[in-house]
Structures are given as structure tokens and as C-alpha cells.
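Peer 1: how does the following fold in three dimensions:
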Amino acid sequence: MDPRSDRTFLGVDYGRKRVGLAISDPAGILASPLAVLSYRGMDDLAARLSELAFEREAVAIVLGLPTRADGRAGDLAAEIEALAEKLRSRGVAVIFSDESLTTWEAGRLLGEAGADPRAGRKAKIDAAAAAVMLQSFLEDLDR
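Peer 2: Here you go, the predicted structure:
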């Protein structure tokens, strides 16, 4: 499958309490924060993400996979891989992308944009981190 034949991707920045979501434009050039999703268990999350991917006509879900500085998988990697299997069992294509430092970068960008730290900043950072990760993935596709 040529991932650029259809260019809408759903980006997911996984967290144990909530996930940040981002969506690409139809041309697959620009990623934008979409929402933050709270969930009840991995099955609930997989169902909701697969439904959202279908609604948005995403060719694939891009799951952020944390990596440590030494290249080893991060603490949440096993949970993220389990989520990927649940999504695949629902017929959703899944692509992993490195999410290292995306939350830090999202916080920096929001700070530069003058985001009010008291106004739901954690949720904004989660969605912005998903957008940072998805944007990096989109740019890598063109290389």
C-alpha cells in the first residue's frame, strides 16, 4: 500500500488517562490538533479510535511510540503495541512513529503562542503533542 495514495491520517499520542488526537489535512501536508479523548480501558479506546478513523476516512492511525535516548522502547511501548493489535483486529491500519520529546515540543510551542497555562493546558498539550508527532510523520513520508 502506498500510504500517500490517500493522505488523511489520524495521529494518536497515547496516555494512560487520556489520548491526544490530531488529524492531517486531505493532502497529507499539515497536521492539526483535533481533540483529547478520555477512555475506560483498552477495548473502549480501540473502539472509539477505530470509529473516529472510519468517520474521518483516515487511511491509517499513526500511533506515537516512545523511545528512550538509547533507542530502547519507552515505558508505555507494550501498552501502545497492545492497542495497535486491538485496532488491527478491527480492520484499522496502524503505523508507529517516534514520539520522543513531542510533549516537550508541544508545551514549548503553546508557550510561544501565549496559551494560558490555567485554561486546560494539559489537554491542549496532549492534542498538540499528537499534532507534532503526526507532522513529523508526514514530513518523513516526503523524504
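
Peer 1: secondary structure class for the spatially most central residue of the chain?
Peer 2: The chain has residue 12 as the residue nearest its centroid, 2.0 Å off, counting by CA atoms, centre = their mean. Each residue gets one of three states, and residue 12 gets strand by DSSP: H, G, I helix; E, B strand; the rest coil.

Peer 1: what's opposite it in the beta bridge?
Peer 2: Beta-bridge partners for residue 12, by DSSP bridges, are residue 21, residue 63.

Peer 1: for the chain, just list every one of the helices.
Peer 2: Using DSSP state H, the helices of the chain run over 41-55, 77-89, 102-112, 121-141.

Peer 1: highest average neighbour count across those helices?
Peer 2: helix 121-141 (a mean of 22; mean count of other CB atoms under 10 Å). All C-beta atoms are positioned from the backbone trio N, CA, C, and that covers glycine.

Peer 1: and the average pLDDT for that one is what?
Peer 2: Here helix 121-141 scores 83 as its mean pLDDT.

Peer 1: can you show me the CA trace of that helix as CSV?
Peer 2: Only the C-alpha atoms of helix 121-141 are listed here, as CSV (Å, rounded to 0.1, in the frame of the first residue of the first chain):
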residue,chain,number,x,y,z
ARG,A,121,-3.2,23.4,29.2
LYS,A,122,-2.7,19.7,29.9
ALA,A,123,-5.4,18.7,27.4
LYS,A,124,-4.1,21.3,24.9
ILE,A,125,-0.6,19.8,25.2
ASP,A,126,-1.9,16.3,24.6
ALA,A,127,-3.6,17.3,21.4
ALA,A,128,-0.7,19.5,20.3
ALA,A,129,1.8,16.6,21.0
ALA,A,130,-0.2,14.4,18.7
ALA,A,131,0.0,17.1,16.1
VAL,A,132,3.7,17.5,16.5
MET,A,133,4.2,13.7,16.2
LEU,A,134,1.8,13.5,13.2
GLN,A,135,3.5,16.4,11.4
SER,A,136,6.9,14.7,11.8
PHE,A,137,5.5,11.5,10.3
LEU,A,138,4.0,13.4,7.3
GLU,A,139,7.3,15.2,6.7
ASP,A,140,9.2,11.8,6.8
LEU,A,141,6.9,10.5,4.1
